[in-house]
Every structure is written in C-alpha cells, then in structure tokens.
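Colleague: I'd like to go over a predicted model; first the sequence, then the structure.
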Amino acid sequence: MKAAQAAVQAARSRSEAQRQGHRSLARADPALMPLMCACLCALLQVATLRSAVKLEQEQQFLIAKKLQELTGSKNIKLKPTIDKSLIAGFVVEYGSSQIDLSVRGQLEKVQDELQGQLVAKFA
C-alpha cells in the first residue's frame with residue numbers, strides 16, 4: 001500500500017511540475033515508472049473480446065458491465081477483435097480466465113461429450 005501511495009505522490013509531483021513548466025522535474029526518477037505502471041494496470045484491467053461480427057458500442061458496454069460484476073473489477077477496458085471462425089457469439093479472455101459463448105465453443109463441447117461417451121461405451 002505504501003508503494004501505491006508513493007506512486008500516486010510521484011504522479012502528483014510530476015503533474016504539478018508540468019503545470020509549472022519544469023519538464024526536467026516532470027521526467028525525474030524513472031525508477032518509479034514500473035511501479036506507476038503496475039498501479040495503473042491494477043486500476044484498469046484489459047479484456048480481449050473476440051466476436052464473430054462487429055459488436056455495437058451498447059453491446060460492448062453490457063459485456064464490460066457484466067464482466068465487472070463477475071470479477072469485482074471496477075474498470076475494465078475491452079479490446080474487441082473479430083474472429084469469424086466463432087460462427088456466432090463471442091469469447092471474453094480476462095487474465096487467465098475465458099468465457100466462451102460462441103457457437104464454435106458449444107459445438108466443441110458437444111463433440112467432446114460425444115467422444116467421451118463413445119470411449120466409455122467401447123472401453
């Protein structure tokens with residue numbers, strides 16, 4: 001927590017220095033940059049959103065809102081990409097988690113279940 005407070009204080013000092021026109025002070029202490037980046041990353045989480053078609057802003061907003069509810073994160077930025085191989089639906093990748101609501105994902109689940117049943121039946 002002290003490290004986060006130090007990073008915030010350093011950011012405030014840099015902002016004040018920039019307002020006063022002291023560019024050399026605003027760029028001072030590069031050793032704090034990794035810490036500041038880590039603090040900012042903790043505040044803003046990025047999730048990859050792959051969809052079969054381009055999603056409207058409202059759809060993306062609703063997905064981000066639901067992801068916030070599921071993860072407890074307050075700030076999530078979606079990075080949308082189009083993946084036509086999904087057939088329909090979307091996949092959200094957040095940290096090490098994945099939420100697959102695509103047709104391709106559902107077809108793969110059915111295929112895996114059927115293969116498992118066949119193996120069990122003939123074993």
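Modeller: Thanks, I have the structure now. Every value quoted in this text rests on a predicted model; they were computed, and no experiment measured them.
Colleague: give me the number of residues near Ser51?
Modeller: For Ser51, the tally of surrounding residues (other Cβ atoms under 10 Å) stands at 22. In this view, the C-beta of every residue, glycine as well, is placed from N, C-alpha and C.
Colleague: ditto for the one 10 residues further on
Modeller: A count of neighbours around Phe61, defined by other Cβ under 10 Å, yields 12.
Colleague: tell me how far it lies from Leu86.
Modeller: 20 Å (Cβ to Cβ, to the nearest Å).
Colleague: again, but for Ile63
Modeller: 14 Å.
Colleague: what's the answer for Val53, then?
Modeller: In terms of Cβ to Cβ, Val53 sits 9 Å off from Leu86.
Colleague: and these two? Which one has more around it.
Modeller: Leu86 (19 against 12).
Colleague: I figured the more buried one hits Val103, correct?
Modeller: Yes: counting by Cβ atoms under 8 Å, Leu86 touches Val103, with 6.7 Å between them.
Colleague: who touches both of the two?
Modeller: Jointly contacting Leu86 and Val103 under the rule Cβ atoms under 8 Å, 6 or more residues apart in numbering are Ala52.
Colleague: okay, now the unreliable bits of the protein?
Modeller: 1-30, 32-43 (pLDDT under 70).
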